[in-house]
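In: sequence and predicted structure, then a few things I'm wondering about:
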Amino acid sequence: MTPASTGIVTSPITEATTKAKSGGCGCTSNSSTVEMDEKLKQRIANHPCYSEEAHHHYARMHVAVAPGCNIQCNYCNRKYDCANESRPGVVSELLTPEEAAHKVLVIAGKIPQMTVLGIAGPGDPLANPERTFRTFELIADQAPDIKLCLSTNGLMLPEYVDRIKQLNIDHVTITINMVDPEIGAKIYPWVHYNRKRYKGIEGVKILHEKQMEGLQALKEADILCKVNSVMIPGINDQHLTEVNQVIREKGAFLHNIMPLISAPEHGTHFGLTGQRGPSPKELKEVQDNCAGNMKMMRHCRQCRADAVGLLGEDRSQEFTKDKFLEMAPEYNLEQRQEVHAGIEKFKAELKAAQEKAQGSNVKTSEQNSPKVLVAVATKGSGLVNQHFGHAKEFQIYEVDGNGSRFVGHRKIDHFCQGGYGEKATLENIINAIADCKAVFVSKIGESPKEKLHKAGIQTVEAYDVIEKVASEFYEQWNKDC
Ligand code: CLF
Ligand code: SF4
């Protein structure tokens, strides 16, 4: 149990440290080398997408109020949610703004660590401006502590930046897959603008122009802009460093390069024509090439237009329309503030534990120590605290003598299936983390442990701060090799 999953104020660091198998050292996790001032840190401190640190503790929710779209992406099938912010093949229940507001007030009470309301589909929010802005108005009025967040393809953004500012929407995402319309023509077959459909490059040029104008306008309005880019091997993979450079120059705050997810059953152009997505290694390479220039987001889960919960969990099925309409709104500002204060206290303890571990970090390894990847089973709160068999994803950390950094996550079919299909699933898990030297878990059975060892992946059982476990593992690994 953690503050992130219960909202109860506890001190799991002390608990974790007591439960640790051995004492020792650790290191701090920081996915970015780009420095930020205090004011900016405060603006993103409890936004789970804009802050990697926050995503271990705070949750977001989406409401699916925006059905229409004004462009066509080759990775999208309109039967499903907008693939710019969602995993393809997912269908959300469409809500009216009033239903959406009711849902937010229900969830704000049941999951008080939910700090952000995003509108990200199922189409494009700004192709449905009245529904989108009406929803934001209702929330701003009734739940003033919830941050508002919007994700768009950018086509209509320049027209709405003033309204976005007025509503105090401080976080806006634009999906920008290209800054060269020739490349864009391979991604977007048409664009609908000012009541006219523009095909091919003519439409892409309009989209590009509006995206750039929108980005500039957000910067001028001091609204934090994240850019999502879908990485499509053979089409824009080489081009994304140029996209990164342009958006950085224009003032984007954060860049989220996401993998194309493509399968024939999604019925998309790319799915049907066999366009593949990138491997985790290819994705990391491109992200690494862009890192250092600006903050990179690596913890995106490509969530659904009705997502609820921490980024790594999906609680949307607990709040389907038939269920949440029966629930009474429980929004309580005081209770929420109390829970947030507890989370902040916990975060401070976590940070202190990380810094303490950093102080006793491996001294010999220094600058040129080899980098290794490790996989971590976690339910959140920055701890190794999940049983191997219950993990639906592993967080991936890169570790060297200077510390450890979160670099991504790998989704897996979780292992405990009552005996059925376990062999196939274990093989899939081993494939998914084959490039990792170790997997950190709170517990693991003898049989999977043995098979992982045969595949060259060590298992480390612990219940402790991730960076501390990583550092102890690295020190031992460094001695052994
Ligand atoms: Fe939603 Fe997007 Fe706001 Fe986050 S999601 S609108 S910025 S609150 Fe986050 Fe989900 Fe990735 Fe989006 S993990 S798909 S980046
Ligand atoms: Fe689909 Fe979103 Fe692209 Fe519109 S912007 S076509 S909903 S992926």
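Out: Received, thanks. Nothing here was measured: the structure is a model prediction, and the numbers come from that model. Ligands and ions are numbered 1, 2, ... in the order given.
In: got a list of contacts for stretch 239-247?
Out: 176-180, 183, 212, 215, 227, 229, 231, 236, 255, 257, 286, 289-290, 293-294 (CB atoms under 8 Å, 6 or more residues apart in numbering). Using the backbone N, CA and C atoms, a C-beta is placed for each residue, glycine as well.
In: what residues does the stretch 151-300 of the chain put near ligand 1?
Out: The stretch 151-300 of the chain has residues 151, 171, 173, 226, 256, 300 near ligand 1, with proximity defined as CB under 6 Å from any ligand atom.
In: no no, the stretch 1-150 of the chain
Out: Residues of the stretch 1-150 of the chain lying near ligand 1 by CB under 6 Å from any ligand atom: 49, 60, 62, 85, 116, 118, 120, 149.
In: quick check: which element contains the fifth one?
Out: Under DSSP states H and E, the secondary-structure element containing residue 116 is strand 114-119.
In: listing partners with orientation, what would you give for that strand?
Out: Sheet pairing of strand 114-119 (DSSP bridges) gives strand 59-62 (parallel), strand 147-152 (parallel).
In: buried set for the shortest one?
Out: So the one you mean is strand 59-62. 59, 60, 61, 62 (16 or more other CB atoms under 10 Å).
In: same check on stretch 282-294?
Out: Applying 16+ other CB under 10 Å to stretch 282-294 flags 283, 284, 286, 287, 290, 291, 293, 294 as buried.
In: contacts for stretch 427-434?
Out: 375, 394, 396, 410-413, 415, 439, 451-452, 455, 457.
In: please indicate which of the residues you listed are buried?
Out: Looks like those have 375, 394, 396, 410, 412, 415, 439, 452, 457 buried, using 16+ other CB under 10 Å.
In: inside strands: which ones of those?
Out: Judged by DSSP state E, the subset of these located in strands is 375, 394, 396, 410, 439.
In: nearest to residue 127, of these?
Out: Distance to residue 127, by CB to CB, is smallest for residue 410 among these, at 33.3 Å.
In: up against ligand 1, what does the stretch 301-450 of the chain have?
Out: So far as CB under 6 Å from any ligand atom goes, the stretch 301-450 of the chain lies against ligand 1 at 301, 302, 303, 311.
In: and the furthest pair within the residues you listed?
Out: Between any two of these (CB to CB), the greatest distance is 9.8 Å, for 302 and 311.
In: about what we covered before: tabulate the contacts of stretch 427-434 (JSON lines), appending pLDDT and distance to ligand 2.
Out: Shown next, in JSON lines, are those (pLDDT from 0 to 100; distance: CB to the nearest ligand atom, whole Å):
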{"residue": "375", "pLDDT": "95", "distance to ligand 2": "30"}
{"residue": "394", "pLDDT": "92", "distance to ligand 2": "27"}
{"residue": "396", "pLDDT": "93", "distance to ligand 2": "26"}
{"residue": "410", "pLDDT": "87", "distance to ligand 2": "24"}
{"residue": "411", "pLDDT": "82", "distance to ligand 2": "20"}
{"residue": "412", "pLDDT": "80", "distance to ligand 2": "25"}
{"residue": "413", "pLDDT": "67", "distance to ligand 2": "26"}
{"residue": "415", "pLDDT": "60", "distance to ligand 2": "33"}
{"residue": "439", "pLDDT": "95", "distance to ligand 2": "34"}
{"residue": "451", "pLDDT": "93", "distance to ligand 2": "39"}
{"residue": "452", "pLDDT": "93", "distance to ligand 2": "37"}
{"residue": "455", "pLDDT": "93", "distance to ligand 2": "37"}
{"residue": "457", "pLDDT": "94", "distance to ligand 2": "36"}
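In: make JSON lines from these and add distance to residue 131 to it.
Out: What follows is the contacts of stretch 427-434, written out as JSON lines (distance: CB to CB, whole Å):
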{"residue": "375", "distance to residue 131": "41"}
{"residue": "394", "distance to residue 131": "38"}
{"residue": "396", "distance to residue 131": "38"}
{"residue": "410", "distance to residue 131": "36"}
{"residue": "411", "distance to residue 131": "31"}
{"residue": "412", "distance to residue 131": "36"}
{"residue": "413", "distance to residue 131": "36"}
{"residue": "415", "distance to residue 131": "42"}
{"residue": "439", "distance to residue 131": "44"}
{"residue": "451", "distance to residue 131": "51"}
{"residue": "452", "distance to residue 131": "49"}
{"residue": "455", "distance to residue 131": "50"}
{"residue": "457", "distance to residue 131": "48"}
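In: double-check that residue 39 belongs to a helix.
Out: Yes: membership of residue 39 in a helix is supported by DSSP: H, G, I helix; E, B strand; the rest coil.
In: that one and ligand 2: what is the separation?
Out: Distance of residue 39 to ligand 2, given as CB to the nearest ligand atom, to the nearest Å: 32 Å.
In: what does residue 255 give?
Out: For residue 255, the distance to ligand 2 equals 18 Å [CB to the nearest ligand atom].
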